[in-house]
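Chemist: build me a structure from this.
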Amino acid sequence: MSLFKKIFSTQKKETLDKGLEKTKTNFFSKLGKAVAGKSKVDDDVLDNLEEVLVTSDVGVDTTLKIITRIEARVARDKYVGTEELNGILREEIAGLLSETDQNENVGLSVPEGKKPYVIMVVGVNGVGKTTTIGKLAYQYKKQGLKVVLGAADTFRAAAIDQLQVWADRVDVPIVKQQMGSDPASVAFDTLSSAVTQNADVVIIDTAGRLHNKVNLMNELTKVKRVMQKVVENTPHEVLLVLDGSTGQNAFEQAKQFTKATEVTALAITKLDGTAKGGVVIGISDQFKIPVKFIGVGEGIEDLQVFNKYEFVDSFFKL
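Modeler: Next comes the predicted model:
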């Protein structure tokens, strides 16, 4: 059975199709040039395809995996026409994502026995971290869950103010202190408040600084340790937010943050404004951390639960 015989929700899928339009147009323009004048997939076509994938921000290591898979098919089938390349690429990329994301995405569900469900959000400034938190809060609240936000990015007054704007917009409570306060203290107060309010979900913002990885590691470790004084084994999830439009820079940020703390899930934002959506494929493959959410528009509903089949279907939809 084909991986793609799936029924997708129409509105969500249309938004995803539109959000990946720039990436798709860029990719197929390059792919067309790679196979121009060729009827058979040969070494030249594979070399050109390798360049297409790398320059589409899929990443070198993931690109080599894909090329190796296609080489094996060409060797096995003897003759593979260039008109078949689109379908083969689609199948191999979907297969790769299926292998590297063994844990099926639970999306916005809250695991039983984890109340409040605590999400610590990390990422550098400017990647859409605060917006992602706001949109997540909206979607959890829409499910009838009680949400509390914690403004533990205390190094920028703007970060606290931005989170307050989202808290007001979504109409959820926020716990905050003055700029320069101890982030761990804010996290402690947030969880204490959430427990008192019998909240279902807690989302805590943290500082987005990478200039000193040791300090970042120490700070995040301290925040975790203090949270566990209120609710055991928290945070339940550490969500790293990456800006998809930065391409290879997003890979570097992922490397740095996964060294600094245990990241359990990824959100990749701003895919609608970029031709670099291939970064989702590479990051999914390379870091063995599930991509849980993708941002494909500015609307409050446009943070989507990532579905690898939907993504690949939209990526290759002609």
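Chemist: dump the residue contacts of the spatially closest residue to residue 35 that is not a sequence neighbour.
Modeler: Distance criterion CB to CB, 6 or more residues apart in numbering; nearest residue to residue 35, sequence neighbours excluded, is residue 82 at 4.2 Å. (C-beta placed from N, C-alpha, C; glycine too.) By CB atoms under 8 Å, 6 or more residues apart in numbering, the residues touching residue 82 are 35, 38, 39, 40, 41, 45.
Chemist: near the third one, how many other residues are there?
Modeler: Yep, that's residue 39 we're talking about. Other residues near residue 39 come to 11 when the count uses other CB atoms under 10 Å.
Chemist: per-residue pLDDT, it?
Modeler: Among the per-residue scores, residue 39 holds a pLDDT of 86.
Chemist: against residue 237, how distant is residue 188?
Modeler: Distance of residue 188 to residue 237, given as CB to CB, to the nearest Å: 18 Å.
Chemist: give me the below-cutoff pLDDT ranges for this protein.
Modeler: Applying pLDDT under 70 to the chain flags the ranges 1-9, 100-106, 210-213, 318.
Chemist: in this structure, which spans are helices?
Modeler: Ranges of helices within the chain are 10-19, 21-34, 43-55, 60-77, 85-100, 129-142, 157-170, 183-196, 213-227, 248-260, 279-287, 308-315, based on DSSP state H.
Chemist: residues making contact with the first one?
Modeler: So the one you mean is helix 10-19. 271-272, 294, 296-297, 301-302, 304, 310-311, 313-314, 317.
Chemist: what do you get for the third one?
Modeler: Taking contacts as CB under 8 Å, 6+ apart, the residues outside helix 43-55 that touch it are 27, 30-31, 33-35, 38, 60, 62-64, 66-67, 70-71, 74, 82, 85, 89, 278.
Chemist: just the buried subset of those residues, written out for PyMOL, thanks.
Modeler: The following PyMOL command selects only the buried members of the contacts of helix 43-55, with burial defined by 16 or more other CB atoms under 10 Å:
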select buried, resi 27+30+31+34+35+62+63+66+67+70+74+82+85+89+278
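Chemist: give me the most central residue, this protein.
Modeler: Residue closest to the average C-alpha location in the chain (CA atoms, centre = their mean): residue 267, at 2.5 Å.
Chemist: wait, that residue touches residue 303, no?
Modeler: Yes: here residue 267 reaches residue 303: they are 7.4 Å apart, a contact under CB atoms under 8 Å.
Chemist: check the helices of the chain for me and report the most buried one.
Modeler: Highest mean neighbour count of the helices of the chain: helix 279-287, a mean of 24 (counted as mean count of other CB atoms under 10 Å).
Chemist: relative orientation of that helix and helix 60-77 in degrees?
Modeler: Angle, helix 279-287 to helix 60-77, by axes from the mean of the first three to the mean of the last three CA atoms, to 10 degrees: 90 degrees.
Chemist: circling back to that earlier point, and residue 116, which of the helices of the chain is closest to it?
Modeler: Of all those, helix 183-196 sits nearest to residue 116, with 4.6 Å by CB to CB.
Chemist: return the distance of that closest one from the chain's centre.
Modeler: 26 Å (CA atoms, centre = their mean, to the nearest Å).
Chemist: that one to helix 213-227, inter-axis angle?
Modeler: Going by the same axes, to 10 degrees, helix 183-196 makes 30 degrees with helix 213-227.
Chemist: what's helix 183-196 in contact with?
Modeler: Under the criterion CB under 8 Å, 6+ apart, residues 116, 118, 120, 148-154, 173, 175-177, 199, 202, 204, 206-207, 219, 222-223, 225-227, 229-231, 234 lie in contact with helix 183-196.
Chemist: backbone phi and psi for the nearest residue to residue 178 once chain neighbours are set aside, please?
Modeler: In this structure, residue 178 finds its nearest non-sequential neighbour in residue 154, 7.6 Å apart by CB to CB, 6+ apart. Here is the backbone geometry of residue 154 (degrees, to the nearest 10): phi -100, psi 10.
Chemist: I'd assumed residue 163 was in contact with residue 154.
Modeler: No: the pair residue 154 / residue 163 is not scored as a contact, 10.9 Å apart, by CB under 8 Å.
Chemist: could I have stretch 143-151 exported to PDB, CA atoms only?
Modeler: C-alpha atoms of stretch 143-151 as PDB (Å, rounded to 0.1, in the frame of the first residue of the first chain):
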ATOM      1  CA  GLN A 143      -9.200  21.800  23.300                       C
ATOM      2  CA  GLY A 144     -10.700  22.900  26.600                       C
ATOM      3  CA  LEU A 145      -7.400  22.700  28.600                       C
ATOM      4  CA  LYS A 146      -6.300  25.200  31.200                       C
ATOM      5  CA  VAL A 147      -3.000  26.700  30.200                       C
ATOM      6  CA  VAL A 148      -0.500  28.800  32.200                       C
ATOM      7  CA  LEU A 149       2.500  30.700  30.600                       C
ATOM      8  CA  GLY A 150       5.800  31.400  32.300                       C
ATOM      9  CA  ALA A 151       8.000  34.400  31.200                       C
END
